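A.B. asks: requesting a structural model of the entry that follows:
(2 chains)
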Number of protein chains: 2
Amino acid sequence: MSEHMSTPEPVVEHPDRIPGYTYGTTEAATSPLSLEDLERLKTVVWLTPDDEEALREAGEILADQADDMVTAYRARLGDLPFMRPYSGHPDGTPNPEYGAASKPRFDRFIIDACTRPLDQDWLNYQHEIGLRHTRAKKNKTDRADSLDHIPMRYLLGFTAVVIATAREYLAAKGASPEQVDRMHAAFTKSVMLHVTVWTRPYVDAASW
Amino acid sequence: MSEHMSTPEPVVEHPDRIPGYTYGTTEAATSPLSLEDLERLKTVVWLTPDDEEALREAGEILADQADDMVTAYRARLGDLPFMRPYSGHPDGTPNPEYGAASKPRFDRFIIDACTRPLDQDWLNYQHEIGLRHTRAKKNKTDRADSLDHIPMRYLLGFTAVVIATAREYLAAKGASPEQVDRMHAAFTKSVMLHVTVWTRPYVDAASW
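C.D. replies: A predicted model of the protein is given here:
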């Protein structure tokens, strides 16, 4: 989209201007996880200091592509009739207001996944995102008329698309193949870390 | 390992010789999922006919590396003290018998993820694998003394390592970068499809 804009404004909205984006505020949920839980998860996905450096570099490359990435995800999901009721109205018809309201937050996730420190604010907002996929909080932020729960299997399954398609965006600015490999591995780990934490509201604490 | 063997036998055991590998038999669990459920999941991970062709090619490249891949996963997990009680004894001390018993099945998974048709036998055995990660069936196949449940967050988190490290193995036999990209994307989708189905026993049907 950016090439059609008349001003060179960044495509991804500044966080302060995104309705419902409560990162770092008391409006976000409180995570049931501790920083030690997070540290363990970080070692399980094997996010190293080099990965964290590669993520910062990925963040610069993806910043003005995040909106296109999310547009592409949604185009794909829109091709699947059984997925439409989760982003559209419950009968599967389009819900452009909901789509427009939630998109800046989804765009922002791409940037945040590359740039945000893994701290208590991170834990809290990831828990908030998880809740917003489930009956606990889906549709509430935007007062949307849409199905009230995204099955966990679709959340996990679609992660494959986010990870696999990321490579072309990471390669789009002329980084060397080795650098693209490095950023892609780091992005894969970061996305899996995020999505894993988002599953917490789906599963009882003793099994999760 | 293969370069130290005196005969050119494949490193990964033939399925018929793997204890507890019940793929395609009546001993495997019966999946609660339908073939239509599977078809939907396949479209959500976006596994295309071209991906399925790329997976066959990946299977040929990974066949004699699968054992090394699993060795590497286990080395990493062994570096994390809090992960040791799931593959070792409950107190975290090594359990080489359990490791030896389960390894041929884990190796076989790498090959199966590239080669098996997505049919009822696939559904059933993936459900069996899922159950074997949880209190329902963990340790039972090998009568192992080990913790009886792998938290879902660690199963999901470690998937990042499986996906990210696959690239070097896919590239190890001289395929072109484009071909490695193609196989890596297909492998990513296949692994996420498998792991997603493995989570079914962790979550109630209405949320999953």
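
A.B. asks: would the longest helix seen in chain A count as contacting chain B?
C.D. replies: Longest helix in chain A, counting residues (DSSP state H): helix A:177-198. Yes - for a cut-off given as C-beta under 8 Å from any C-beta of the partner chain, helix A:177-198 has contacts with chain B, namely A:Pro177, A:Asp181, A:His184, A:Ala185, A:Thr188, A:Lys189, A:Val191, A:Met192, A:Leu193, A:Val195, A:Thr196, A:Val197. In short, each C-beta sits where N, CA and C put it, glycine included.

A.B. asks: which of those are buried?
C.D. replies: A:Asp181, A:His184, A:Ala185, A:Thr188, A:Lys189, A:Val191, A:Met192, A:Leu193, A:Val195, A:Thr196, A:Val197 (16 or more other C-beta atoms under 10 Å in any protein chain shown).

A.B. asks: wait, the fifth one sits on B:Val162?
C.D. replies: If I follow you right, that is A:Lys189. No - A:Lys189 lies out of contact with B:Val162 (C-beta atoms under 8 Å); the separation is 11.2 Å.

A.B. asks: about what we covered before: mind giving me the packing neighbours of the longest helix of chain A?
C.D. replies: helix A:35-44, helix A:49-62, helix A:96-115, helix A:120-131, helix A:152-170, helix B:152-170 (3 or more C-beta pairs under 8 Å, 6 or more residues apart in numbering or on different chains; DSSP states H and E).

A.B. asks: output it as PDB, nothing but the C-alphas.
C.D. replies: Only the C-alpha atoms of helix A:177-198 are listed here, as PDB (Å, rounded to 0.1, in the frame of the first residue of the first chain):
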ATOM      1  CA  PRO A 177      21.100 -14.800   2.200                       C
ATOM      2  CA  GLU A 178      23.000 -15.500   5.400                       C
ATOM      3  CA  GLN A 179      21.500 -12.500   7.000                       C
ATOM      4  CA  VAL A 180      18.000 -13.500   5.800                       C
ATOM      5  CA  ASP A 181      18.600 -16.900   7.300                       C
ATOM      6  CA  ARG A 182      19.600 -15.400  10.600                       C
ATOM      7  CA  MET A 183      16.700 -13.000  10.800                       C
ATOM      8  CA  HIS A 184      14.200 -15.700   9.700                       C
ATOM      9  CA  ALA A 185      15.400 -18.100  12.400                       C
ATOM     10  CA  ALA A 186      15.100 -15.300  15.000                       C
ATOM     11  CA  PHE A 187      11.600 -14.300  13.700                       C
ATOM     12  CA  THR A 188      10.500 -17.900  13.800                       C
ATOM     13  CA  LYS A 189      11.500 -18.200  17.500                       C
ATOM     14  CA  SER A 190       9.900 -14.900  18.400                       C
ATOM     15  CA  VAL A 191       6.600 -15.800  16.700                       C
ATOM     16  CA  MET A 192       6.500 -19.200  18.400                       C
ATOM     17  CA  LEU A 193       7.200 -17.600  21.700                       C
ATOM     18  CA  HIS A 194       4.400 -15.100  21.300                       C
ATOM     19  CA  VAL A 195       1.900 -17.700  20.000                       C
ATOM     20  CA  THR A 196       2.800 -20.100  22.700                       C
ATOM     21  CA  VAL A 197       2.000 -17.500  25.400                       C
ATOM     22  CA  TRP A 198      -1.300 -16.700  23.600                       C
END
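
A.B. asks: now do it: distance to the chain's middle.
C.D. replies: Distance, stretch centre to chain centre, for helix A:177-198: 12 Å (C-alpha atoms, centre = their mean, to the nearest Å).

A.B. asks: do stretch A:73-85 as well
C.D. replies: How far stretch A:73-85 lies from its chain's middle: 17 Å, per C-alpha atoms, centre = their mean.

A.B. asks: can you check the pLDDT for the residue nearest the centre of chain A?
C.D. replies: Computing the C-alpha centroid of chain A and ranking residues by C-alpha atoms, centre = their mean puts A:Phe109 first, at 4.0 Å. A:Phe109 is assigned a pLDDT of 98 by the prediction.

A.B. asks: and if you look at A:Lys140?
C.D. replies: A:Lys140 is assigned 97 on the pLDDT scale.

A.B. asks: for it, the count of nearby residues, please.
C.D. replies: 12 (other C-beta atoms under 10 Å in any protein chain shown).

A.B. asks: now do the same for it: helix, strand or coil?
C.D. replies: coil (DSSP: H, G, I helix; E, B strand; the rest coil).

A.B. asks: for the residue nearest to it when sequence neighbours are not counted, give its distance to A:Ile150.
C.D. replies: Excluding its sequence neighbours, the residue lying closest to A:Lys140 (C-beta to C-beta, 6 or more residues apart in numbering or on different chains) is A:Arg132, at 7.6 Å. According to C-beta to C-beta, to the nearest Å, A:Arg132 stands 9 Å off from A:Ile150.

A.B. asks: same deal with A:Asp51?
C.D. replies: Here the criterion is C-beta to C-beta. By it, A:Asp51 lies 28 Å from A:Ile150.

A.B. asks: do A:Glu168 as well
C.D. replies: Separation of A:Glu168 from A:Ile150 (C-beta to C-beta) stands at 26 Å.

A.B. asks: quick one, which of these two is more surrounded?
C.D. replies: Legend: neighbour count by other C-beta under 10 Å for A:Glu168 and A:Ile150, higher for A:Ile150 (22 against 15).

A.B. asks: that one and A:Leu131 touch, don't they?
C.D. replies: No - with contact defined as C-beta under 8 Å, A:Ile150 does not reach A:Leu131; the gap is 11.4 Å.

A.B. asks: burial count for the residue lying closest to A:Tyr154 once chain neighbours are set aside?
C.D. replies: Nearest residue to A:Tyr154 in three dimensions, chain neighbours excluded: B:Val44, at 5.3 Å (C-beta to C-beta, 6+ apart). Residues near B:Val44, counting by other C-beta under 10 Å, number 27.

A.B. asks: B:Val44: what's it in contact with?
C.D. replies: A:Leu80, A:Met83, A:Arg153, A:Tyr154, A:Gly157, A:Phe158, A:Val161 (C-beta atoms under 8 Å, 6 or more residues apart in numbering or on different chains).

A.B. asks: by neighbour count, which of those wins?
C.D. replies: In the contacts of B:Val44, the most neighbours by other C-beta under 10 Å go to A:Gly157, 24 neighbours.
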